[in-house]
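J.: Below are the sequence and a predicted model for it; my questions follow.
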Amino acid sequence: MGAVLPLLALRAFTEAGRLGSLKAAAERLAVTPGAVSQQIRLLEARVGVALFVRVRHGVYLTEAGARVHAGLLRGFDQIENAYTTLENLAVEKSLTISTVPSFASNWLVPRIGRFSALHAQIEVRVEASAKLVDFSRDRVDVALRHGLGNYPGLESIRLMAPVLLPVISPGLLAQGPTIREPADCLHYPLLQDGDRADWTLWLQAHGVQVGNEGQRGMSFEEDLLLLRAAAAGQGIALVQDTHAQDDIDAGKLVVALDKPWPSRFAYYVVTRPEATQRPEVQVFIDWLIAEAGSLSTQRAL
C-alpha cells in the first residue's frame with residue numbers, strides 16, 4: 001500500500017472541477033467555500049502543481065488538473081455506487097410501507113403481526129401519512145393508497161373495494177328511533193366525511209332525495225375519527241366496512257342498516273416495477289392479496 005491519500009482534498013478538487021465553482025462544490029459537499037478552497041490549496045501544495053485557474057466567476061482546470069480530473073471523477077462515482085450498494089444490503093431484509101392513518105389503524109396494523117409471524121426475518125416499518133409518496137426520493141417500498149389506480153410509471157395492483165356502511169353505537173341506537181329504511185338515518189345526528197358528500201350520495205343511491213339535510217353534522221377528515229365519534233355515541237357514521245369491522249367485532253359499533261353501497265374507489269398496492277424483483281417486496285404483496293381475499297370470503301359467508 002502507498003501513502004495515505006488525501007481523500008477530502010481530492011473530493012473537493014473533483015467537485016470544484018466538475019461544477020466550475022468553489023461555492024457550488026461547497027454546497028454539494030455541505031461545507032463552506034473556504035473549506036473547499038483550503039483543501040484545494042493543500043492538495044496543490046502537496047503535489048507541487050497548480051490545478052485550477054481562478055477567475056472572477058469561478059474556476060477552471062489547468063492542463064495538469066484536466067489530465068487527472070476525469071479519472072478521479074470516475075473513481076468517486078464508483079465509490080458512491082459501492083456505498084449505495086452497501087446501504088441497500090443493509091435494508092434488503094426490511095420493508096417500509098406507507099398508507100393513510102385510517103387504513104393503517106383499522107386494517108393493516110391489526111393484521112401485520114400475521115405477516116411477521118410467517119416472515120420473522122423481514123423487518124417491517126409502517127408509515128401512516130396522507131402525503132403522496134415520491135418513490136424516487138422517499139425510502140418507501142410499498143404504498144397502499146385509496147383511489148382509481150391511475151399511477152403513471154408505477155405498478156398498481158387492485159387490493160379491495162370497500163363498501164360504505166352506516167354504523168352507530170349500540171347505546172345510541174337503543175335509545176333512539178328504529179332504523180328500518182335509509183331515510184330513518186336522518187333522525188340521528190349525521191357524522192360526515194371531510195367533503196360532506198358520502199351521506200348525500202349514499203341516501204340518493206337508496207332512493208332518498210335530500211338537499212342540505214344530508215350534509216348537516218360534524219365532519220372529520222379521517223375514518224378513524226369518524227369511528228371514534230360514532231363509538232362515543234355522537235351520531236351515525238357512514239364508513240368503509242374494512243375500517244369498521246374491528247369495532248363491530250368488539251361490540252363498540254353495530255351496523256344501523258344492512259344496505260351497503262359500493263364505493264367507486266378501491267385500495268391499490270403501489271410500487272416501482274423493479275421493486276417487485278426483491279423477494280421481500282413480492283412476498284409482502286402476495287400476503288396482502290391473500291389477506292384481502294380472505295376478507296372477501298368472510299363477507300360472502
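T.: That came through, no problem. Numbering: from 1, shown residues only.

J.: C-alpha only now, for contacts and for neighbours.
T.: Will do.

J.: now the helices for the chain?
T.: Counting by DSSP state H, the chain has these helices, from start to end: 7-19, 22-29, 33-47, 63-91, 101-103, 109-118, 170-175, 198-205, 223-231, 241-249, 279-300.

J.: Next, the buried residues of stretch 14-28.
T.: 14-18, 20-26 (16 or more other C-alpha atoms under 10 Å).

J.: partner strands of the helix or strand of the chain with the lowest mean pLDDT, parallel or antiparallel?
T.: In the chain, no helix or strand scores lower on mean pLDDT, DSSP states H and E than strand 261-262, which sits at a mean of 73. Partners of strand 261-262 in the sheet, by DSSP bridges, are strand 163-168 (antiparallel).

J.: any idea of the angle the strand it pairs with forms with helix 198-205?
T.: Angular relation of strand 163-168 and helix 198-205 on a 0 to 180 degree scale: 110 degrees, by axes from the mean of the first three to the mean of the last three C-alpha atoms, to 10 degrees.

J.: Around residue 176, count how many other residues there are.
T.: Using other C-alpha atoms under 10 Å, residue 176 has 10 neighbouring residues.

J.: What of residue 103?
T.: 21.

J.: Same check on residue 154?
T.: Other residues close to residue 154 by other C-alpha under 10 Å number 14.

J.: how far away is it from residue 48?
T.: Going from residue 154 to residue 48 by C-alpha to C-alpha, to the nearest Å gives 53 Å.

J.: repeat for residue 22
T.: On the measure of C-alpha to C-alpha, residue 22 and residue 48 end up 20 Å apart.

J.: Find the centremost residue of the chain, please.
T.: residue 98 (3.1 Å; C-alpha atoms, centre = their mean).

J.: Name all residues that make contact with that residue.
T.: 126-129, 133, 140, 142-144 (C-alpha atoms under 8 Å, 6 or more residues apart in numbering).

J.: What about those residues, which are in strands?
T.: In strands, judged by DSSP state E, the following of those are found: 126-128, 142-144.

J.: shouldn't residue 169 be in contact with residue 228?
T.: No - the criterion here is C-alpha atoms under 8 Å, and residue 169 misses it with residue 228 at 9.9 Å.

J.: quick revisit: measure how far the least confident helix or strand of the chain is from the centre of its chain, please.
T.: 26 Å (C-alpha atoms, centre = their mean, to the nearest Å).

J.: what's the distance between the nearest residue to residue 42 once chain neighbours are set aside and residue 33?
T.: Excluding the flanking residues, the one nearest residue 42 by C-alpha to C-alpha, 6 or more residues apart in numbering is residue 9, at 7.2 Å. Residue 9 sits at a distance of 13 Å from residue 33 (criterion: C-alpha to C-alpha).
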